[in-house]
Structure formats: C-alpha cells, structure tokens
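Chemist: coords please:
(chains A and B)
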Protein chains: 2
Amino acid sequence: MSLDAFFTPRSVAVIGASTKPHKLGHAVLDNLVNGGYLTDDRQVYPINLKAKTILGLPAYPSVTDVPNPIDLAVIVIPYPLVPNALRTCGEKSIPAAIIISAGFREAGMEGLQRERELVEIAEQYNIRLIGPNCLGVIDTNTPLNASFSAGLPPGGPMAFMSQSGALGTAILDWAQAGRLGLSKFVSLGNKADVSETDLLRAWSDDPHSQVILCYIEGLPDGQEFIHVARQVSKKKPIVALKSGVTQAGSRAVSSHTGSLAGSEQAYQAAFRQAGVLRANSLQDLFDYARAFGYLPPLEGDRIAIVTNAGGPGILATDALERAGLRLARFDPECIQALEQFLPDAASAANPVDVLGDARSDRYRFAIEHVAADPHVDGILVILAPQALTDIAETAKVVTEIAGKVDLPVLACFMGEMQVKAGIEILETHNVPNFSYPERAAMVLKGMSTYRGYKAEPPPIYEEFVVDQTLVRQTLDGALSQGRVTIGDAESRAILTAYGLQIPASELAKTDDQAVEIANRIGYPVVLKVASPDILHKTDVGGVKVGLQNATDVRDAFDLITYRSQRYLPEARLWGCLVQKMVPPGLEILIGMNRDPQFGPLVTFGLGGIYVETLQDVTFRIAPFSRLEAEEMIGEIRAHALLDGVRGEPPVDKLALIDALLRIGQMVTDFPEIAELDINPFVVYEQGYGGISIDMRLVLRPNEQQAGSATQAGSAGSST
Amino acid sequence: MSLDAFFTPRSVAVIGASTKPHKLGHAVLDNLVNGGYLTDDRQVYPINLKAKTILGLPAYPSVTDVPNPIDLAVIVIPYPLVPNALRTCGEKSIPAAIIISAGFREAGMEGLQRERELVEIAEQYNIRLIGPNCLGVIDTNTPLNASFSAGLPPGGPMAFMSQSGALGTAILDWAQAGRLGLSKFVSLGNKADVSETDLLRAWSDDPHSQVILCYIEGLPDGQEFIHVARQVSKKKPIVALKSGVTQAGSRAVSSHTGSLAGSEQAYQAAFRQAGVLRANSLQDLFDYARAFGYLPPLEGDRIAIVTNAGGPGILATDALERAGLRLARFDPECIQALEQFLPDAASAANPVDVLGDARSDRYRFAIEHVAADPHVDGILVILAPQALTDIAETAKVVTEIAGKVDLPVLACFMGEMQVKAGIEILETHNVPNFSYPERAAMVLKGMSTYRGYKAEPPPIYEEFVVDQTLVRQTLDGALSQGRVTIGDAESRAILTAYGLQIPASELAKTDDQAVEIANRIGYPVVLKVASPDILHKTDVGGVKVGLQNATDVRDAFDLITYRSQRYLPEARLWGCLVQKMVPPGLEILIGMNRDPQFGPLVTFGLGGIYVETLQDVTFRIAPFSRLEAEEMIGEIRAHALLDGVRGEPPVDKLALIDALLRIGQMVTDFPEIAELDINPFVVYEQGYGGISIDMRLVLRPNEQQAGSATQAGSAGSST
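Modeler: Next comes the predicted model:
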C-alpha cells in the first residue's frame, strides 16, 4: 500500500489539537495551518472534544463528525485514549495515522501490550501507522509539517528518516541553519508499522529526494531491508548511521566464530550487500548528505586539487591517497596552459598551487582548465585566507564553474571569520564547503564507493542439486534425541549431502576395528574421538594425527578413550573416527552464525590458529551470489596468501567459492542450524579443490519448521 | 642559546618598514605599533633608507644608525638585500632575526645557496634566525605581533608552530573567530636555523603554554626531535599533524622490509617514542588543542555521559567503546540519588538519560552527582534541543560545575540555530563543545593516550657486551672489496659478535666437504648457496632443507650450484653453507631500514610468508629501551600467537626482546648498515630462546665513519 497519504494528503485531522499554545497538540496544528499546507483545496480538521474553533478552524469532537473524507490523522493525545481514537480513524476510513503520543513499547511490558493493540486495530481497519512515540512527518514539497518541530526546515534534496526523535530535532536545527535542505523528514518512533524498509520503498522514485539518509538503531526486518535497499540504492544513494554497534557486540555468543560475528559484522555485511553507504559518525552522515544531495556523481577516482597554499594541498593529497583515490595526472595540454598562465613559482602539476598571492582570476583559469581535462573526475578547491586573497570573488568563480561542469566540485575554504562570506556564497549555490581537506577526501571516497555499488549487477543466487532430505533426517534425528549438537558421522553425512568433499573415514567402535579400517583406507590416518558431547576435540586430547601403522592406531584409540572419559565422564563415546590424513594445504575457516536481525551470517577467513589471533575474517548474509562469495575471498587481509606467495601456486579459489555458496544454501535451507564452523577447510592448489576436515554444528532446539530466518528484535525508539 | 629575544624583546627593528599600507613591511610595523607591543619601555625602530618617520616613529636608514641596542630584527625586504641586512644586524649585535622575505631554499638551487649564505652570516655573528619565507612570530602575552597577520589573535593556552604559512593564516583566522586562544604562534618557514625542536625546548617551561601544537612537513633532526620531545611531553602535551606521509611512502625502498618501513612508519614510531600525540587531521589537531588547552587531565578511562536524548547517548557510547574508553559504573549511592531525583522513565545508569523534557535542574543534579562519584574520571554532557530544553541555562550549569570539579567536562550541544547561545556560553567559559558525540570521544581518547605517555618512565638504554671490532673488520672487509652485501659466513660472524644465536654451520666448497661437515654436525641439515651476490636465496632454488643423509647432501650441493650459476652466471659462488636443521618454532622477522630523517627504524613482526601478506609488523627508532622492545612485541595484531594458542606454550619473549635490543645496538653502532633483515628468527617456547636462521644485510657504500645517523632531508617550507 502506498504511503502517499503521509506526505501528500488532501486533508489532515489533528486528534488532540489544542487551544493551549504550549501543548504539542497546538504546535502540530500550528505547523499545519501556518506551515504552508493549508490552501483552498486542502483541509485541516482540529479534533477536540470541547473547542469550537482552534486557530480559526472549526473543530470537531471526533473524526467521525467531519463531513468530508480525511487522508491523514495525527494523534497527539494521552496514551490511554489512543486505541479508541485509532478505532474512530478506522471507522472514518482514514488510511494513514501518525501517532506522536508516547507510552507504548518504550514504556515497558504494558506499553508493549498497548502497542500491540494499536497494530491490531490498524490491521483490522487497514490503516498505516507512523510511530507511536515520534516527532512526526515533514514534506517540504507539499508542503506538509505534521510534526511538533519548530518551523518548517528549508527544502532540498535530502530525505531523512530517524529512529531517534531527539536526533531528529538536532537535524532539523542544522537544516534551519542552512546546512541541509530536506525533501522529507520522518521520525519513525517505535516503528509499530511503517519501518525504514517501507520508507525506502516509498522514496525510491520520489523525484524530490536525491539521497536517503537513515539513522538506525535496529532493523528487525533485516533480510527484507537488504532486499529493498539493494534495489533502491541502484537509483539513489542511501546513507545510514547505525548506532548501538558496540553494545550489540556484547551479545556475542560463546563459540569463537560467534565471538567474531557480532551484530556489528552483520550490519557491516548487510549494508555492503544492500549497497548502503555506512556513515561512521553523525558528521560523516551530514557531509555525505551534502555531497550526494548537491553534486553530480563522481564518475572516476581521479581528483584534481587547486589550492593557494602548499600545506593544505599536501594534507588533501595525503587524505585522498589514504582514502584510495588518486591525484589526476593532467593532460600535457592542460599542464602547458597552466604553466603559461600561472607565475613561475606556481605548480602546474597536481595539486595545482596557484600561490599565496592568487586572486580569483588564477583560480578561474586553473579550475576551468582542470575541469576540461578528460583525465579529471572531480575537483577540490582549497583556499587559505592570505593577504591578497579575494575570498568572495573566488567563491563566486567556484560556484559559477561548478554550475557549468558535470563533475563534482568541492570546496575547502579554511578559517572562519575571513572566509565566512565566501562560504555563504558557496553554500547558497550548493557547492559544499568542508572546513578541513580531510573531510572533503572522506566524502569523495564515499562517492566513489557509491559508484561501485551502483554499477554492481543484481545478485544471482545459484542453486546446487543437494540432498535436502538426508540433512532433514539427520537434523531431525539429533533433535528427536534431545541433542543440539551432532557427531562426526552426522557432520560427514550433511557435508556430503551438500556436495562438499570430506576425507575418507569410518567410525571404529573398538581398537581392532580402528586398525582394520586404517589398513583398508591406507596410512597415515588421524583418529578423532566420536562423541556428540565433545565440541572442541583438540582441547581434550581427542585427536591424534600422523598415525603411521597399526600400533600407532591402537595406542591412539586407547589414549583418546581414556582422556575423553577423564575429561567428561558423562559424555557419550561412540568410539573413534578413523580418517585418512589429507595432504597439507592452506587452512581456511568457513562458518555461520545466525544473527537475530539478519539471519545467517556466513564467515570466511584463515583457519587454524590464525582465525583466533588475527581475526582476519569477512562476512556476508546468506543468501549471497557467486560475485559476493568472490568478494569475500578478496577481502581478507591475507588474501595474497590465496594467490600464492614466494613461488607457491595460487589456491583453488573456485573450490572456496563453491564451498561458500553450498554452505550459504544449506543455512538458508535449514533455519534450525544455529551455528556452524568448518575449521579447517583445507584448500589445495588451483584445480585440486578443497576438503572439509572438521565441522562443528549447533542446532536451535525445538524449532524444526523451516520459515523466516529473522526474528523480531527490539525496535523500541529512543528519544 | 635562549630564544627569548623572539618572544619578549625589549626593542624590535623592522628592516623594510614601509610607508605604503599595502606592503608587508607596513603591515608588520603596524602590528608592532598598534598591536599592544609599543609601550614606554619598549622600542620599535622602522628601518627604511628614505623615510624620516613611519607610523609616527622616527625611521633609520640602517640598524647601525639606531642609537640604542636592538633585541630583535624583522626583515621584510627583497631577497637579494637580505644577506647584507643580516650582516648589519650582526654588526649591531642583534641576537635574533625573523626573516619574512621569500626567495630562498623554496626557490630552487640558487635560493638554497642564498639560504646557506644567511646561515653562515648568522653563525658568524651568533644570530638566531626564524624563517626565511615565513609569516612571522606572535606572543600574545608580551604582547608582540612580529608578523603580517591581520591583527593579534586572542590569548590562550595554545602554543602553535607551523611549517606552512598559509595553514598559519587559517589557524589565526579560526583563533580570531574565538575557536582557539594562542599563547605563541611561530611560522617556521624554511627553518634555516630555528626548528621545531628548538621551539619545543623553548616552550617547555613557558607558563602561558599548556599545550604545544605542531604542523610538520619534515623533521631533518629526527633523533634530536625524539630526544627533546620525549622530555617536553612529560611536562605538557605535544600534538602534531604530519603531512606528506603518503608522498613520502612512495620513496619506499625495494626490498620487502623496506617496503613496509616507509617514512610514515618512522613518524608513527618516532611520535610514539617521543610521547607526541598524533593528529590525523586538522580537525583532530584543533579538537585536541581545545581539550588540552582548557581541561584538567583525564586521570582514568571511566567516562560518564549525561544526555537528554537516547540516540546521541548511544552514539557516544559506541564511540567511547570504540576508542577504548569505558562507560563509568556508578557507585550505588550515586545511582540511588539519581533514581530518586529523576523521573521514572529516566535512566540512572550510564549513560544517564535525563529525558527529552529535562530542564537545567535535572542536568545540574545529574552532573553534580556523577562528578562526585569516585568511579568517574570524565564527563560528557549531551544536549539535543527539544521542546522544553532551556539551552542557555543548561550551558551555564555545565560551565559552573566544570569550573568547580577537577575532572574534564566536555559538552556536545547538537544542532546550530537553537543551541548557538548555549555554545557561546560554554566556549566563553572554556568548556569545549563538540558538534558531534564522536568528536568528543576522539578527544577523550587522546587525553587518555597522553596520560599513558606522561606516566612512562624515562627510557634506559641497555648496553650488551659485544665484539664491535669483529663486526668493524667484517664490514670494512666487504666494503674494501667493493661489496655492499655480505655472505653467509660474514652474517654469522656479525650475529655471533652481537650475541645472537645461530644454527651450527660451516662453509663447504665441494660436495665432499659438505658431506664431511654434515656427518660431523649431524643430520638433518640444510644447504644454502654461499654467495655475496645472491640476496634472495630461496627464489633461485639456492636452499635445500631436510637433507637426511650423505646422498641427499651431495645431490643438493650439485643442484644448488647448477641452479645458482644458471640464475646469475656472474655471481661469485663460494660453495654451500651446511647448516644444522633447527627444530620448528614460530617464525619472526626482525629488520632494520635506515630512515633519512630518523635513522635506524627497527621492524618486528611475524616472519615467513606472513610478513608479506599480512604486513603485521611494528616499528621503533633505535636506540630503544627494553620497555619499548616489550611494547613492540605486544603491538603486532597476532601477538596472541606469542602467548600460545590452543594449548601451545607461550614463546620465549625474553629472547625476542634480547634480540631486538641487540639488533638495535648493532645498527646504532654501525651507521653504515643501511638495511638488515633476520628472517626467519625462529623463537621457541619460553626458556628455550630463539635462533637467527638467515640474515640479509646491505651496506651504505663509501661511508664508513660512525657519526650522526641522521641526514638533512628537505625542509623547505610550503606556503
């Protein structure tokens, strides 16, 4: 259902409109009446039990008393009265309601109950809800100010949604100071109904919104968010600031893959997969907003710097290089022209130093020429106020050229008092100015990252032919025995069912049997304790490697049995697994941990002791495409090891990708798999594949139905 | 010699004082005359060939015509006239001169020649120089404005030195806008004489300067800088912004240790060793300046947050945790008091949420109580403007409490228009306000880092008993043969002379001899080609490991000889080294690369293939103390490997520290060692030491005298 009624309603009722100026119900009505919304063909209806008129408009005791249809209701009354008011909205067939009132989910269990009641009423009457516990909604193009904010912010290309109302007020204040121009503003509150994902969908084709900004605390519909954001980000940039990441990190589960795969990693992966640019701070969010809102796209990474000061030019160069961008190498013609026009001491190479005594003509010449150079994708103009600098005139020159060329021109006018007038000229003409060169570099980096996101093809999810039934039986078997862990034989069955290679091995119940098996599959072999109750076999001395003959095998069997019993007397011992020892290769970890908001978070990294000490791992939410699996492999810091170092051949990356995709499919198929680690997965040289040596798998008890992998997390809004 | 004459002269001559208002020589004189310097007992002498009076003061054709002594000369004349003018200063016994004029080192070879002439004159007459090619000097306490800046900046606790004049003007502009208060300002220009190190020394005990800020492009006297800064930083914080790091990085030398140890690493190590806090951007520099300038020290890492908005509180929490600080855990009494006073919905735990409708009384109560809690070391007060917030009054409350308590109180009043008046109150009372919570967290982290620096004991440099003579002979021997590399036997001699363990080994010239040696030292053995011309032996097939018997040795000898000849026909082959094969252990890299500004940069990291792929290395400038060597070992990402993982015993860290210290001593003793790599250094479990398996060493040709390890790098100032 469309959310248009929230942004372009033909009529709005304010339930709780008040005659008293200090009440929120008055502020909301005032914003509607005096904020430009009220016109001849648009109606505002104050709803108030007693008042006859408010702010010159006739008031009604209930929406049902209003003679005309109503598109939107804004509810600003004490929480006990809200459910009934919402019901009357339903009776009046109002399609959309903004509930500003607090006292719901954020106020404890009783509040949560009240909020559930609201959702039920809304579902019954087919009403869409924003809030409760929010600031309201603004659309500067309608214009509609259905909030209790202090005035309408200036219009502009930025659509903003915030889970925090207070952050919203700060943002509106920044906007009113002229720092930002907003197309839409939504304070999401408790998100009882309308969520970030709904707004992304709604704003995807909004011609007034060039960039979508989100302040996010939690995303209960993680998979859906990725799905929608992935499509929307192809049309316009989405920038998100996620808070609560370290707090969430503390929820890390105990197993060591889990300890790497906290929620922070899930968000990192989700934003990456969805093409959402992540802001690392509020400042980043605003700086991105201005760049994406006002500038044409950055079509390449070659940046030209024009500066009247060497020092800041070097700082900018450092920052650009650190950010992974490049200084443009100018065309010889461009350099020649600059050399002819600029004084001898100037630098015609990049960064172009027009010297401390440069007036606006030198800036104009330099900027025009580098803008015309086909080797330049973006321009950063730096100005430090010096004795002869004509700041306002130079600002005009910058805005004039920026208005003509179709590459991004950013400014860095440094200082405050002296450059104030210049910065005002720049910002009035939508040339974003950054006080420090490093900020401009950060923003250009973001624009470059977004270009990459936009160019990515839509993901294709491959499906391998696997034996789901066998896995289903194996997992059901374990659960029916009350186990949430599985034994080696089960692991091997599951891996094989999903087409993953495993070493030849068999379970031996006695030492004689172990010797018989070893003789058959050939030496050297490994013996591993077979028990569903021992997860970390190495820790208890439950693994013996490099066994060369029958005596070795017999000794190992007895040692393992003795030690395992000593370690965990109540453990069920099924015997020992006799496994063909595989040749050495590079040890890899492939793991999965189920994130409460996004579902299956798959880990890839170096295995063995390095996974713990270096934490050199990367993550994706399943399902993911072949391309995404390839990216994972390239993202670990030690990725050069995979290409072979010191004359070693490259490893079989196709085998790694294949394994990642098959595991991704398995954990999507079986939501009851809570955690999984293949460690090590030994990968061999190109063409020789890879093999899963050991798998640990933990099930979610009593949840055997395959369904949505996501669970509703806490989505309470902060103030 | 003291630099007092630059800051508190009793008389100043302006050589090139001009009657024309648009000339720099006029601006400088005007700043002296009208900037508060000129009083009854302080004189200003305009020096001008023609004018009789300037700005009401009698002018003189030359300083030698002035009847009284002169403490400071400011020279603002065209460059060809500067040397003579400086000479007259010498004749007049003026102890200090600021040369503003440009046209020296920054203007190419001829300019460099002119600058050398200045230095000679200065040395001859015992004059200290600031500049040339600079903006001048300001001391707001004298007050003295011996620069052509637009007016005197407001006084304050920050002493600032800048190699870039233009950055200086931007900084003065920020200061004049009220963002910073300066005690001293020096534009260093080309640093022909007075350098950063001189100013650090001079400002060390200056009671007006609470923090020293530096913008640095190059430090030719690297070792001296470390030595001085290390002492000064014990008294007051030094914050440095270093530019040109990525450019410098491109000068990385070809060998792989070198490729890791670019100048960036040298600065990183040097600042760390000197206790200098590194600013990563101009913004960081300013934010640190305000914190260190105005706040009492942060005595611990336990931070309290008081906020009227949940969202920003979470952002601050995230940022603090990411920065390695902690949220304070309040005393139960404190929590109880907060719970009693604050509304039910408020949070009395940290972050303290006083709720969106909080007025200043709630802020006062909360801040006073957390400030009194002994578990709190610093306080961050966050305010988002909401309907009932009394912003100015809250600002007053914050400044009032901040003035009374002796822990740092930082503010984060978010927004712009609405919070403007509040921020002004905060800043007037020296409570630094940060627009974003993440900035405040960054600053608190810096304060915490500085506390650590300040607490460090002065370094003790150990000296091992070594055989310098043997190394001297070995190196001289190589150089006298025109070699800059050394062979295996020489390496072994050098390592042994400095007390490092090496595997038993002998040089075999023939296959028979190799077998004889192997029989004697015992199998298994390794054979390595012995040639001074082959640096990377493995790459050419010049190493064979795991040789178990005479046949293996004989085969290996012939194979190595054949392949080495094929690879490099002109290489001198001395035979093969027969080396006892050592048991496996953890492979470490210890290296050294000589930085042009700081001298010997010692590298420590994981050895083998990991050094290349993970770049998990850390650096220190030699000489360094045992404590610093210990720090190095703890700094690599994989440091947990050294402590033993998965039941492995910890490695012998003492052996690693010992090896680092001995190598540090060696490269300090022998400046002709240009590069050195021990890779691998195999370290065993605690108590079993470590052993240097292979060393590569490159000499600097024709430079056998042991002297200063530093060379003058380019120190030209940017504009």
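Chemist: Quick one: mean pLDDT for stretch A:683-701?
Modeler: Taken as a whole, stretch A:683-701 has an average pLDDT of 92.
Chemist: So is it next to chain B?
Modeler: No - using C-beta under 8 Å from any C-beta of the partner chain, stretch A:683-701 stays clear of chain B, coming no nearer than 13.1 Å. Where C-beta positions appear, they are placed from N, C-alpha and C, glycine not excepted.
Chemist: Pull out the buried positions in that stretch.
Modeler: Neighbour-count burial for stretch A:683-701, counted by 16 or more other C-beta atoms under 10 Å in any protein chain shown, picks out A:683-684, A:689-699.
Chemist: give me every residue that touches the closest residue to residue A:387 other than its chain neighbours.
Modeler: Spatial nearest neighbour of residue A:387, excluding adjacent residues (C-beta to C-beta, 6 or more residues apart in numbering or on different chains): residue B:148 at 6.6 Å. When contacts are counted by C-beta atoms under 8 Å, 6 or more residues apart in numbering or on different chains, residue B:148 is found next to A:387, B:24, B:27, B:28, B:31, B:76, B:100, B:135, B:136.
Chemist: Tell me the spacing between residue B:148 and residue B:5.
Modeler: According to C-beta to C-beta, to the nearest Å, residue B:148 and residue B:5 sit 20 Å apart.
Chemist: what do you get for residue A:692?
Modeler: Taking C-beta to C-beta as the criterion, residue A:692 is separated from residue B:5 by 76 Å.
Chemist: Now, the contacts of residue B:148 that are in strands?
Modeler: Among the contacts of residue B:148, the members falling in strands (DSSP state E) are residue B:136.
Chemist: Buried subset of the contacts of residue B:148, written for ChimeraX?
Modeler: Selection command for ChimeraX covering only the buried members of these, criterion 16+ other C-beta under 10 Å:
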select /B:24,27,28,31,76,100,135,136
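Chemist: Closest one of the contacts of residue B:148 to residue B:661?
Modeler: residue B:135 (44.2 Å; C-beta to C-beta).
Chemist: quick one: that closest one and residue B:150 touch, right?
Modeler: No - with contacts counted by C-beta atoms under 8 Å, residue B:135 stays clear of residue B:150, the gap being 10.9 Å.
Chemist: how's chain A carved up into domains?
Modeler: Domain assignment for chain A by automatic domain parsing gives A:4-250, A:297-455, A:504-580, A:586-699.
Chemist: Dump those domains into a markdown table; add distance to residue B:60 as well.
Modeler: Shown next, in a markdown table, are the domains of chain A (distance: least, C-beta to C-beta, whole Å):
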| stretch | distance to residue B:60 |
| --- | --- |
| domain A:4-250 | 53 |
| domain A:297-455 | 26 |
| domain A:504-580 | 88 |
| domain A:586-699 | 67 |
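Chemist: wait, which of those domains is closest to residue B:327?
Modeler: Using C-beta to C-beta, the domains of chain A put domain A:4-250 closest to residue B:327, at 9.8 Å.
Chemist: Make sure I have this right: residue A:539 is in a strand.
Modeler: No - assigned with DSSP: H, G, I helix; E, B strand; the rest coil, residue A:539 falls outside any strand and is helix.
Chemist: burial of it, as a residue count?
Modeler: 12 (other C-beta atoms under 10 Å in any protein chain shown).
Chemist: What of residue A:599?
Modeler: When neighbours are counted by other C-beta under 10 Å, residue A:599 comes out with 23.
Chemist: Surely residue A:595 and residue A:226 touch.
Modeler: No - the pair residue A:595 and residue A:226 does not pass the contact test of C-beta under 8 Å, sitting 11.6 Å apart.
Chemist: Can you get me a residue count around the closest residue to residue A:567 other than its chain neighbours?
Modeler: Closest residue in space to residue A:567, ignoring its immediate chain neighbours: residue A:540 at 4.1 Å, by C-beta to C-beta, 6+ apart. Look at residue A:540: counted by other C-beta under 10 Å, it has 19 neighbours.
Chemist: which ones are touching residue A:540?
Modeler: Residue A:540 touches A:529, A:534, A:563, A:564, A:567, A:568, counting by C-beta under 8 Å, 6+ apart.
Chemist: mind listing what the fifth one touches?
Modeler: Counting by C-beta under 8 Å, 6+ apart, residue A:567 makes contact with A:534, A:540, A:541, A:542.
Chemist: Secondary structure class of residue A:655, three-state.
Modeler: Classified using three-state DSSP, residue A:655 is helix.
Chemist: my guess is it meets residue A:685, correct?
Modeler: No - using C-beta under 8 Å, residue A:655 is not in contact with residue A:685; the gap is 10.2 Å.
Chemist: ok so, going back, who touches both of residue A:595 and residue A:226?
Modeler: residue A:621.
Chemist: Would you quantify the distance from residue A:86 to chain B?
Modeler: Counting by C-beta to the nearest C-beta, to the nearest Å, the separation of residue A:86 from chain B is 23 Å.
Chemist: I figured that residue was touching residue A:99, is that so?
Modeler: Yes - with contact defined as C-beta under 8 Å, residue A:86 reaches residue A:99; the gap is 7.5 Å.
Chemist: what about those two, which has more around it?
Modeler: Remark: of residue A:86 and residue A:99, residue A:99 carries more neighbours, 30 against 27, as counted by other C-beta under 10 Å.
Chemist: would residue A:628 count as being in a strand?
Modeler: No - under three-state DSSP, residue A:628 sits outside any strand and is assigned helix.
Chemist: ok, it - how many residues close by?
Modeler: The number of residues packed around residue A:628, counting by other C-beta under 10 Å, is 23.
Chemist: what's the answer for residue A:504, then?
Modeler: Count around residue A:504 with other C-beta under 10 Å applied: 13.
Chemist: Which pLDDT value belongs to the residue nearest to residue A:567?
Modeler: 79.
Chemist: How much space separates it from residue A:699?
Modeler: Distance from residue A:540 to residue A:699, by C-beta to C-beta: 22 Å.
Chemist: which stretch of helix or strand covers residue A:67?
Modeler: Assigned by DSSP states H and E, residue A:67 belongs to no helix or strand.
Chemist: Same check on residue A:680?
Modeler: strand A:673-683.
Chemist: How many residues are close by the closest residue to residue A:292 other than its chain neighbours?
Modeler: If the residues on either side of it in the chain are set aside, residue A:292 comes closest to residue A:211, at 3.8 Å by C-beta to C-beta, 6+ apart. Residue A:211 has 24 neighbours, counted by other C-beta under 10 Å.
Chemist: show me the contacts for residue A:211.
Modeler: So residue A:211 contacts A:157, A:158, A:159, A:236, A:237, A:238, A:239, A:288, A:289, A:292, A:293 (C-beta under 8 Å, 6+ apart).
Chemist: quick one: which of the residues you listed is nearest residue A:275?
Modeler: Of all the contacts of residue A:211, residue A:238 has the smallest distance to residue A:275: 7.2 Å, by C-beta to C-beta.
Chemist: Run through the residues of the stretch 401-550 of chain A sitting next to chain B.
Modeler: A:414-419, A:435-439, A:538-539.
Chemist: Going through those, which ones are buried?
Modeler: With burial judged by 16+ other C-beta under 10 Å, the buried subset of those is A:414, A:415, A:416, A:417, A:418, A:419, A:435, A:436, A:437, A:438, A:439.
Chemist: I'd like the residues of the stretch 401-550 of chain A next to chain B written out as TSV, with secondary structure added.
Modeler: Formatted as TSV, these follow (three-state DSSP):
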residue	secondary structure
A:414	coil
A:415	coil
A:416	coil
A:417	coil
A:418	coil
A:419	coil
A:435	coil
A:436	coil
A:437	helix
A:438	helix
A:439	helix
A:538	helix
A:539	helix
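Chemist: so which pair among the contacts of residue A:567 is furthest apart in space?
Modeler: Once C-beta to C-beta is applied, the contacts of residue A:567 give A:534 and A:541 as the farthest pair, at 10.5 Å.
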